[in-house]
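S.K.: I need the structure of the sequence given here:
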Amino acid sequence: MAYVGGQPIYILSGSSRRTGGRDARRSNVLAARAVAGAVRTTLGPKGMDKMLVDSSGNVVVTNDGVTILGEMDIEHPGAGMMVEVAETQEEETGDGTTTAVVFAGELLARADDLLDSGVHPTVVANGYRFAAAEAREVLESMAVEADGELLAEVARTAMTGKAAESAREHLADLVVRAVSAVREGESIDLDDVGVETVVGGSVADSSLVEGVVLGEERANEGMPRRVEDARVLLADVPLEVRETEVSAELDVTSPDQLRAFMEREEAELRGLVDAIVGSGANVVLCRKGIDDLVQHYLTREGVLAVRRVTDSDMRALARATGARRVSDFGDFSAEDLGRAGLVEEREVGEETLLFVEDCENPRSVTLLLRGGTEHVVEEVGRAVDDAMGVVRVTLLDDRVLPGGGAPEVALAAALRDFAEGVEGREQLAVEAFADALEVVPRTLAQNAGLDPIDSLVALRTKHDAGATAAGLDAYSGEVSDMFDLHVVEPLRVKQQIVDGAAEAVELVLRIDDVIAAGPLSGSDADEAFDG
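M.R.: Okay, the predicted model is just below:
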């Protein structure tokens, strides 16, 4: 580092690699477009699946965009930005990840053409920002209020084209009931909906448990397998002899001393069990270990006990049963117990699971998903996860849009009208944004084996006639009213697609230098500038 006029000047070593100007931008654009192209064929109800195979031979079969991108071995920083678009879309809305990435890739392709025509990158970025802001307002004006039936339709739409499609009616009902059950005012935490997948049976055998399903078994086979009218104790401490932090040695000089010590230990454990039984508890779920002697006493008292329950399951159990997690038995009473109509150990498929269900007012529930093979049940889990995400945002926002490419065609027409009032070269960028939106219906048509040009012309004709809900029916190839076909999507999903893609593309367009650097961290950078 050198100083000129008191200002630090950073000099790259001869071994540093640097790509600047048009080459830097072109590298990032091509890498990002390659990622978008990798997931493009998965879009829509007729989209294809991808088989991802790692170096160990492990296989994932899916058409879920964020899963595909998350499993791909991506090193290029420009391509990594597309992964971030998908991850943000998934985190914010639960669905629309593939559409967001495909749209971002098309925005970059259109921007590349403008750059070749001599339009400056900042002009393109500004135009895209104007278009995204206008698109949000247009989407707001298009949205309709969601009623109870539309919730199920939103869930079914999210699962269309995935492994869960064969049982989407059944699964959509389960998802709506599950998400509605954990709603608390204007807050919905999907962590309160547990998802347990079991290989065996069919997808239609999936069910909703109004409580919690645990993968742990009874601590002792002599304990009851089934307890009705369960009074549940949640113990955060081990049910063992209490240990002190002070290290000590026991000097035993006679059998009587040893016997007396063991009797005191046994009396302490017996007192612990007496306190548990005296409280009325007949089910004990422990975060830590349970001493063999405690297991013996609990078995004699007819108490069902489970040990090594995970912290996340303990949290779910507390919300489902209303129990208070006990960390000190010196301050423990019957008021700390939770309630469940039934606690039962069952064989499901090839697994043994413990059901804590029929809770009076469960704030935590579990979706038990079934499938014939491991790959099927995993893909069903991903589809249900998407469905829960869209049901959640629909419940919170209460606004939906037609699917099938209808919003994109309507937005494209509205933005072309909007572009006429935009001055300067930004008008070209707004028009490019409108053209990029139509990649969605074109891709839906292409993946369905239809002619994308004919389909797009038919869609434009319908929209010009005022049918703003007209979208592409990928099954019949016809342009139809999407509300009539029950194909609907949450407003927030489309808004996030527009915002996320536009922001990521703007970031890519503003990069004019790619420099190979050492390890980067905020603290190192601060120290360098301070020095």
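S.K.: tell me the pLDDT at the closest residue in space to V422 that isn't next to it in sequence?
M.R.: Distances taken as CB to CB, 6 or more residues apart in numbering put V430 closest to V422, at 5.3 Å, once the chain neighbours are dropped. Any C-beta I mention is one placed from the backbone N, CA and C, and that applies to glycine too. At V430, the pLDDT value in this model is 97.
S.K.: Buried by neighbour count: which residues of stretch 329-339 qualify?
M.R.: Residues 329, 332, 336-339 are the ones in stretch 329-339 that count as buried (16 or more other CB atoms under 10 Å).
S.K.: Who does the nearest residue to R177 once chain neighbours are set aside form a beta bridge with?
M.R.: Of all residues not flanking R177 in the chain, L208 sits nearest, at 5.6 Å (CB to CB, 6+ apart). For L208, the beta-bridge partners are L367 (DSSP bridges).
S.K.: related to what we said a few turns ago, just put the buried residues of stretch 329-339 in TSV and tack on secondary structure.
M.R.: As requested, the buried residues of stretch 329-339 are arranged in TSV below (DSSP: H, G, I helix; E, B strand; the rest coil):
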residue	secondary structure
F329	helix
F332	coil
D336	helix
L337	coil
G338	strand
R339	strand
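S.K.: out of those residues, who's nearest R26?
M.R.: Of all the buried residues of stretch 329-339, R26 sits closest to G338, with 61.0 Å by CB to CB.
S.K.: Just checking, which helix or strand succeeds the helix or strand hosting the residue nearest to V422 along the chain?
M.R.: Per DSSP states H and E: V430 is located in helix 426-437. Next helix or strand after helix 426-437 toward the C-terminus (DSSP H and E): helix 439-447.
S.K.: Whatever helix or strand comes next after that next one - contacts with which helices or strands?
M.R.: Per DSSP H and E, the first helix or strand lying C-terminal to helix 439-447 is helix 452-464. Counting contacts by 3 or more CB pairs under 8 Å, 6 or more residues apart in numbering; DSSP states H and E, helix 452-464 is packed against helix 406-419, helix 439-447, strand 470-472, strand 479-481.
S.K.: can I get these in TSV with distance to V488, mean pLDDT and mean neighbour count?
M.R.: TSV is the format used below for the helices and strands packed on helix 452-464 (distance: least, CB to CB, whole Å; pLDDT from 0 to 100; neighbours: other CB atoms under 10 Å):
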stretch	distance to V488	mean pLDDT	mean neighbour count
helix 406-419	10	96	23
helix 439-447	15	96	24
strand 470-472	10	96	29
strand 479-481	11	96	20
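S.K.: Okay, buried residues for the one helix or strand E196 maps to please.
M.R.: For E196, the element it lies in under DSSP H and E is strand 193-199. The neighbour-count check on strand 193-199 (16+ other CB under 10 Å) flags 193-199 as buried.
S.K.: who does it touch, helix- and strand-wise?
M.R.: helix 168-181, strand 212-214, strand 351-357, strand 365-371, helix 374-397.
S.K.: To D64, which of these lies closest?
M.R.: Judged by CB to CB, the one of the helices and strands packed on strand 193-199 that comes nearest to D64 is helix 374-397, at 4.7 Å.
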